[in-house]
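# Model the following, please.
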Amino acid sequence: MPTSHRIQVWSNQDAIREYSWCLLDCPTTERTWQSVNLSLWEENEFQKSDLPATPDELHIYQVDHDQAQLELTASSLNSEAALQFLWDTLREASATGKRAVKLIIPLHSGYIVSSNIIPLRFCDSQHIQSAVSFAQPLQTYNGQSISDPRSADLTILFSAATAGLILYPDVVPESDAVESDLENRLSFPWIQPGMPQCKTLALVDANSAHPDDGLGFYRAARELGIKVVVLENAGHWLEDPAQSHWREAFIPTRLANPPEPDVGRHILSSLRAYGKPVDGIVTFADSFWYYIAQIAPEVGLQTAPPDSLRIATNKFLTSKYVGHEAYSANSLDEALALAEEVDLPYPLIVKPCDGWSSEGVSRVDTPDALPAAIKSIDTSRHGTEFVMEQYCSGPEVDVNLVLLDGEILFAEICDDLPKSADVNGPTIGSLTNFHELNSVYPSALPKQELDLLITSFADTLLSLGIRNGVMHLEGRVKNSTMDYREAHGIIDLHAHNDTSLSNSLSAWLIEINPRPLGMTGSHIIESTYGIDYWALAAILGVNDKPRARALSIPYKNGPQYTAIMIFIPADFPAECDGIFDSDDICADLIARRPDLGRSISRCATLVKRGEKLKHPSTGKNTFLAYFNVFSRVGRGEALRLAREVREEVRYAFV
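Numbering: from 1, shown residues only. Reported below is the predicted structural model:
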């Protein structure tokens with residue numbers, strides 16, 4: 001029987017709780033880290049009272065066999081996070097009677113690749129209820145193991161650990177299943193050798209109109225120990241001194257989108273006004289890349305060639321570059337005049353050359369439908385230039401690539417299920433456009449087609465001279481061996497009988513986005529693969545190659561489940577005023593359907609009651625919410641769950 005030790009919780013002069021804890025056996029493996037297993041349970045000798053969420057006014061003592069007390073504080077445990085983790089474990093033990101935890105101790109000297117790397121890699125683990133990092137950004141470790149954990153007290157164990165894991169109540173911490181899960185998630189160099197260097201990254205366009213829009217990039221940069229200098233219009237919320245924890249500096253910079261011709265000079269002036277060196281520059285607003293690339297050499301920074309970025313961020317130029325039949329115009333009259341000169345390739349796609357979120361994208365089957373499609377483009381948001389190009393009917397995909405010096409460090413592909421404007425798309429209210437609906441990770445296309453997509457799209461980037469960064473590309477497979485069909489109320493990919501098409505397969509590039517995917521899409525990659533695209537964008541932005549390689553390594557066993565990102569578009573009768581008249585529709589669904597809630601990894605309602613929204617017919621696509629749904633059983637169950645979630649969403653407009 002393992003030797004037990006005691007912990008007491010005191011309030012004023014009284015002991016109000018007592019716990020026992022002991023060390024458990026841990027299988028010996030060849031690892032770069034050590035896992036120490038503890039079991040903790042509550043004794044019943046003292047009067048009980050409810051424990052608050054934080055210890056605050058209470059005192060926690062480790063009690064030895066001679067009744068000597070050692071107070072456990074943030075200082076003695078080496079971090080506030082470690083103290084809170086211990087407190088949370090005590091509260092869990094009070095609720096369930098007994099809890100097991102693991103402490104993760106690095107065995108290599110060096111610094112942590114990112115302070116949140118352990119919680120990130122244990123997202124949705126079947127065995128781990130919560131994972132807490134004790135690390136600070138760029139924290140270093142001496143790499144010494146606890147040679148005899150049984151002789152160590154909690155202060156020694158917690159001070160050596162970089163993170164703690166609380167296991168679910170019925171999980172045996174030393175079981176093969178748990179150890180295999182740890183091996184799967186932590187088999188990569190998350191401790192980097194040597195001493196860390198703090199880098200500074202300039203960001204053009206703050207990428208967030210409000211904190212509620214998402215802070216993925218800023219959190220990632222902070223956890224990486226990267227300082228961010230924000231170049232954005234004056235009056236942005238990040239200029240507020242109260243928000244200074246998100247950035248190193250805020251430099252007011254005139255930015256208009258679509259960009260003005262002299263925006264590059266404004267960016268250059270701001271970099272010089274900052275007055276300190278920066279190690280890199282990035283933007284997540286594609287239209288600024290061309291101008292950034294023009295001025296970057298003047299401050300000693302490197303980017304892809306300006307002309308290459310101009311092609312990559314202009315949808316007409318991209319289409320022409322890869323050999324599609326495409327035509328551009330700046331007005332309806334120009335388009336109609338062009339239609340008289342050439343035979344436009346109907347069905348065709350009309351979309352703004354500087355577009356995002358599938359806004360203003362229309363499928364046009366006949367010449368009569370062309371004017372309405374062109375008028376649906378919001379020129380105030382996307383400029384006047386639009387492209388008319390061939391429509392490819394093959395399965396649509398998102399291809400995300402992580403490039404370093406032209407090498408593909410990581411690649412994944414998801415299936416974008418048909419939109420309402422596709423011939424095999426679903427009927428979603430009044431929508432007849434290319435609003436995102438369901439994205440399924442990973443793709444179900446055959447390996448041959450997946451490899452073709454990755455190779456073809458990467459070759460296009462490299463031919464353009466784009467060799468570094470997180471790249472989000474959208475495309476289709478022309479003459480795919482699979483197509484979408486409905487079976488039992490669910491639309492999914494199925495192999496078709498025309499085997500001759502396999503000889504004419506080709507990757508059809510729709511657009512290039514030299515940035516991570518939008519709409520908080522990085523979350524589903526984090527949980528499915530263990531990869532944080534925002535962290536990679538930041539680390540590649542400062543050319544930190546060793547950490548980029550480490551952060552690009554997914555789970556050892558591949559994606560941990562099938563996941564579907566469900567988009568809930570704003571759709572309401574045209575006669576409504578467009579005022580959202582509901583509360584948190586995600587919380588509402590989970591409260592009504594807790595069974596579905598157990599399969600939702602992450603979700604968020606993106607609008608608030610009383611907010612006035614534009615109708616999709618105006619060319620602006622607005623999402624009300626998203627749900628990341630997952631299944632460990634397989635794709636079929638994931639699609640069924642996604643259908644149920646969409647059917648269960650309740651909202652109203654007035």
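# any idea which helix or strand carries R219?
Using DSSP states H and E, R219 sits within helix 216-224.
# Show me what secondary structure element comes after that helix.
Helix 216-224 is succeeded, C-terminally, by strand 226-232 (DSSP H and E).
# list the helices and strands that next one packs on?
Under the contact criterion of 3 or more CB pairs under 8 Å, 6 or more residues apart in numbering; DSSP states H and E, strand 226-232 touches strand 199-204, helix 216-224, strand 249-252, helix 263-274, helix 533-541. For the C-beta atoms, the positions are set from N, CA and C on the backbone; glycine is no exception.
# how about it as PDB, C-alpha atoms only?
C-alpha atoms of strand 226-232 as PDB (Å, rounded to 0.1, in the frame of the first residue of the first chain):
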ATOM      1  CA  ILE A 226       6.500  37.300 -28.800                       C
ATOM      2  CA  LYS A 227       5.900  41.100 -28.500                       C
ATOM      3  CA  VAL A 228       3.300  42.400 -30.900                       C
ATOM      4  CA  VAL A 229       3.400  46.000 -32.300                       C
ATOM      5  CA  VAL A 230       0.000  46.800 -33.700                       C
ATOM      6  CA  LEU A 231      -0.400  49.100 -36.700                       C
ATOM      7  CA  GLU A 232      -4.000  50.100 -36.900                       C
END
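# still on that earlier bit, could you check how far the helix holding R219 is from the centre of its chain?
The chain centre lies 12 Å from the centre of helix 216-224; the measure is CA atoms, centre = their mean, to the nearest Å.
# Run the angle between it and strand 226-232 for me.
150 degrees (axes from the mean of the first three to the mean of the last three CA atoms, to 10 degrees).
# that older thread, could you look over the helices and strands packed on strand 226-232 and pick the most buried one?
Ranked by mean neighbour count, those are led by helix 533-541 with a mean of 27 (mean count of other CB atoms under 10 Å).
# and it, what does it pack onto?
The contact analysis (3+ CB pairs under 8 Å, 6+ apart) places helix 533-541 against helix 216-224, strand 226-232, strand 280-283, strand 396-404, strand 469-478, helix 522-529, helix 545-551.
# Quick one: closest of the helices and strands packed on strand 226-232 to G97.
Set against G97 and scored by CB to CB, those come closest in helix 216-224, at 34.8 Å.
# Over that closest one, what's the mean pLDDT, rounded is fine.
Averaged across helix 216-224, the pLDDT comes to 96.
# Need the residues that contact it.
With CB atoms under 8 Å, 6 or more residues apart in numbering as the test, helix 216-224 has contacts from 114-116, 137-138, 201, 203, 207-208, 227-228, 245-247, 284, 520, 522-523, 532, 534-535, 537-539, 547.
# Mind doing that once more with 6 Å?
S114, S115, N116, P137, V228, W246, S522, D532, W534, A535, A538 (CB atoms under 6 Å, 6 or more residues apart in numbering).
# I'd like to know which of the residues you listed is nearest to L77.
Using CB to CB, the contacts of helix 216-224 come closest to L77 at S115, 16.6 Å.
# tally of neighbours for the closest residue to V63 other than its chain neighbours?
The spatially closest residue to V63, leaving aside those adjacent along the chain, is R6, at 4.3 Å (CB to CB, 6 or more residues apart in numbering). Neighbours of R6 under the rule other CB atoms under 10 Å: 16.
# Which secondary structure state is assigned to R6?
What DSSP: H, G, I helix; E, B strand; the rest coil gives for R6 is strand.
# Please pull out the lowest mean pLDDT helix or strand from the protein.
One helix or strand of the chain scores below all others by mean pLDDT, DSSP states H and E: helix 379-382, with a mean of 86.
# Quick check: buried residues in it?
T379, R381, H382 (16 or more other CB atoms under 10 Å).
# any idea how far R547 is from R185?
Separation of R547 from R185 (CB to CB, to the nearest Å): 18 Å.
# before we move on, the earlier item: and the helices and strands packed on strand 226-232: which comes nearest H324?
Of all these, helix 533-541 sits nearest to H324, with 27.3 Å by CB to CB.
# contacting residues around that closest one?
Residues from elsewhere that reach helix 533-541 (CB under 6 Å, 6+ apart): 114, 201, 216-217, 220-221, 224, 226, 280, 282, 402, 468-470, 516, 522, 525, 547-548, 551.
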